[in-house]
Structures are given as structure tokens and as C-alpha cells.
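Novice: this one's structure only:
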């Protein structure tokens, strides 16, 4: 995490005018994984219309370096189509579609996004951060384990194998990066303030 770029990343919920930038980051990642034969999302799932039909703006977060959006994720209390047990469902803040701009890959930005989400979840009283990602990519799964996530595999009601990743917030062995929280744009005081749906 010694890169200058990572030491000044700000993470915040997007505004309505930033929705297209958010979608562009997801589209870029989806196209890259599809080109490697490991599709993560269908393109029609990550259009502005589809995202707004399923998520509020204050659930969509981007990471910015020097004002430029370089990373994205969705945080909410819903596990989506993946079936999880009741304990995980009740104790988790769920992360969806964690994405880093391809031009900024390898600079530690994904770890900073996860660290920010860990702080955010802890402040709101959750004991788990669960990443909903049914991926088969071995390198990505290994990377998630380096962030502190444990892989969970189970059969759903249709006997299909499903995969997601859980991080225990109070017992995670992977330390948060040794950066002050304000340097990644985390302001605890804003968490109790309601955000408008649009803007």
C-alpha cells in the first residue's frame, strides 16, 4: 500500500449524476472477466436502469483518487440471489460488485475499499462483512482470502453450488492498512445522517 495513489483515496456514496461513472466501472470489470472466460455479471444487470431498480443511490459507493473514480462497490443488508443461513443474513452487511478500474489494478485499491467497508460495517453494529460473489476465478478467490474473507460453498434449494465470502469483523486476522481513516475519506459522523435517494 505504499503507492501515493492509495494514500489519498476517498470513499463515498454516489450522487445521481455519478451513476453512469459507477456503471462504467462495473461494465469495464464485467467485460474484462468475460474476456478471460470467467463472466461475473450479465451486462443488463449493471445498466443504470437495472441498478436503480434494485439498489438505492446511498448503497452505491465509489472510491476516488484525485477526484477520479477508480473503484466501486454496493453495500446493503440484502444477500441477493445467493442463499445464506439466517445467522449470516442477520449479522452481515453485504458487499456486492466490488470493482477496481483496470488502469488502477494492483495498487491496493480493492483492499482499501474492503477496509473502508469493514469500518463502515463495524460502526453500524454488524459482526460480518459478506461479499456476494459466486466467482470461479482462482486468483480472485485467493486475493479475497488475503483480505480476510473465508470462502463459503453450499448447495441451494435447486442443488446448485453457490459461493460467497465472509469476513468476521471482530476476529479478522488481516489488519486494516496502517492509514488513518480520514486518509481514505471515512467520516464516522456521516453514518447517522440520512442520505436522500437522489442526489
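Specialist: Now that the structure is in, tell me what you want to look at. As the structure is a computational prediction, the values presented were derived from the model and not from experiment.

Novice: thought residue 113 was touching residue 97?
Specialist: No. Between residue 113 and residue 97 there is no contact under CB atoms under 8 Å: 10.9 Å. Every C-beta, even on glycine, is put in place using the N, C-alpha and C of the backbone.

Novice: More neighbours: which of the two?
Specialist: residue 113 (26 against 22; other CB atoms under 10 Å).

Novice: elements contacting the helix or strand harbouring residue 87?
Specialist: In the assignment (DSSP states H and E), residue 87 maps to helix 86-91. When contacts are defined as 3 or more CB pairs under 8 Å, 6 or more residues apart in numbering; DSSP states H and E, helix 86-91 packs onto strand 128-132.

Novice: Okay, now the unreliable bits of this protein?
Specialist: Along the chain, the model assigns pLDDT under 70 to residues 1-7, 155-161, 177-199.

Novice: what's the longest helix in it?
Specialist: The longest helix of the chain (DSSP state H) is helix 19-35.

Novice: So which elements touch that one?
Specialist: Helix 19-35 packs on helix 48-54, strand 60-65, strand 68-76, strand 92-100, going by 3+ CB pairs under 8 Å, 6+ apart.

Novice: Please identify the deepest-packed of the ones you listed.
Specialist: Mean neighbours per residue, mean count of other CB atoms under 10 Å, is largest over the helices and strands packed on helix 19-35 for strand 92-100, with a mean of 24.

Novice: what angle separates that strand from strand 68-76?
Specialist: Here strand 92-100 runs at an angle of 160 degrees relative to strand 68-76 (axes from the mean of the first three to the mean of the last three CA atoms, to 10 degrees).
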